[in-house]
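>>> Structure for this input, please:
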Amino acid sequence: MERHVLKLTPGARRDAAAWLDRAFRLYQPGAPWVMELRPAKRTDEQNRALWGLIGQVHKQRPMHNGIKMTPELWKAVFMDAWGAEVSFLPKLEGDGMFPAGHRSSQLTKHEFVSLIEFILAWTAREGLTIRHFDEETEAA
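Coordinates of the predicted model:
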């Protein structure tokens, strides 16, 4: 499958028009092209920052309301509190629940900034100490 990604900046309008023209020239019946315009998704740097921040929260708060937390559970809690749709499903053997649903990888850059700011506001309100979190790793 041929796929092209073009970051739409003011200077890229000519390139975008050329790609669209190319798609029309290459069009074959039964194999239509689709053009998708969407905001850019979160960056790898934003993702590292989120996991660094969550790692620090987890170190300082390994328990939450009597539940032993993991970084993944903290992410689900924050995503839910931030307003993202998160569902909790029973485990296969019925011995607990796990989060499923909205994935942070689908967030736009702007939404990701909002999520990180939300978590930082919560950590400040809770009195947690946060270092420069983009230097942390998921394993931290």
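
>>> per-domain residue ranges of the chain.
Listed by automatic domain parsing, the domain ranges of the chain are 1-37, 44-135.

>>> and among these, the most buried is which?
Comparing these by mean neighbour count (mean count of other CB atoms under 10 Å), domain 44-135 comes out on top with a mean of 14. Any C-beta I mention is one placed from the backbone N, CA and C, and that applies to glycine too.

>>> what's the nearest residue to residue 113 if we skip its chain neighbours?
Excluding the flanking residues, the one nearest residue 113 by CB to CB, 6 or more residues apart in numbering is residue 46, at 7.5 Å.

>>> Reformat the domains of the chain as JSON lines; add mean pLDDT.
Compiled in JSON lines, the domains of the chain are given as follows (pLDDT from 0 to 100):
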{"stretch": "domain 1-37", "mean pLDDT": "73"}
{"stretch": "domain 44-135", "mean pLDDT": "89"}
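
>>> residues in contact with the residue nearest the centre of the chain?
Centroid check for the chain by CA atoms, centre = their mean gives residue 104 as the closest residue, at 2.3 Å. Contacts for residue 104 were tallied using CB atoms under 8 Å, 6 or more residues apart in numbering; they are 42, 47, 50, 75, 79, 112, 115.

>>> How far does stretch 14-29 sit from its chain's centre?
31 Å (CA atoms, centre = their mean, to the nearest Å).

>>> CA atoms only: put that stretch into PDB for me.
The C-alpha trace of stretch 14-29 is given here as PDB (Å, rounded to 0.1, in the frame of the first residue of the first chain):
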ATOM      1  CA  ARG A  14       2.400  23.500  -3.500                       C
ATOM      2  CA  ASP A  15       3.600  20.000  -2.500                       C
ATOM      3  CA  ALA A  16       0.100  19.100  -1.200                       C
ATOM      4  CA  ALA A  17      -1.500  20.200  -4.400                       C
ATOM      5  CA  ALA A  18       1.100  18.200  -6.500                       C
ATOM      6  CA  TRP A  19       0.400  15.100  -4.500                       C
ATOM      7  CA  LEU A  20      -3.300  15.500  -4.900                       C
ATOM      8  CA  ASP A  21      -2.800  16.000  -8.700                       C
ATOM      9  CA  ARG A  22      -0.700  12.800  -8.700                       C
ATOM     10  CA  ALA A  23      -3.300  10.900  -7.000                       C
ATOM     11  CA  PHE A  24      -5.900  11.900  -9.600                       C
ATOM     12  CA  ARG A  25      -3.600  10.900 -12.400                       C
ATOM     13  CA  LEU A  26      -2.800   7.500 -10.900                       C
ATOM     14  CA  TYR A  27      -6.400   6.800 -10.000                       C
ATOM     15  CA  GLN A  28      -7.600   3.400 -11.300                       C
ATOM     16  CA  PRO A  29     -11.200   2.300 -11.100                       C
END
